[in-house]
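Trainee: sequence first, predicted coordinates after that:
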Amino acid sequence: MSSASPKIDPELLKIIVCPLTRSPLRLEGEELVATVGGLRYPIREGIPVLLVDEATLPQGVASLDEFKRKFAEQIPK
């Protein structure tokens, strides 16, 4: 196991967004974190897995439905 953070092309990081909130993502350890809502997307073998079903919910949010209700104003229709 490597303790190094995964390498994500900085140019890619500038253009990819959270598929749910459409907010920018920032690299935190081995995950990409949405700036709106804080959904955490894993990076596997250097590849961002930008699937909402694979995202880790922020602390205090029990389900994806709860997340969607909580951040409804910030999620594009």
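Mentor: That came in fine, so what should we check first?
Trainee: next, the buried residues of stretch 55-66.
Mentor: Judged by neighbour count (16 or more other C-beta atoms under 10 Å), stretch 55-66 contains these buried residues: 55, 61. The way it works is simple: take the backbone N, C-alpha and C, and place the C-beta from them, glycine included.
Trainee: who's in contact with stretch 10-26?
Mentor: 27, 32-37, 39, 41, 48, 50-52, 55, 68, 71, 74-76 (C-beta atoms under 8 Å, 6 or more residues apart in numbering).
Trainee: give me the distance between the two termini of it.
Mentor: Terminal residues of stretch 10-26 are spaced 10 Å apart (C-alpha to C-alpha, to the nearest Å).
Trainee: repeat for stretch 27-47
Mentor: 12 Å.
Trainee: so where's the protein shaky on pLDDT?
Mentor: Counting by pLDDT under 70, the ranges of the chain that qualify are 1-6.
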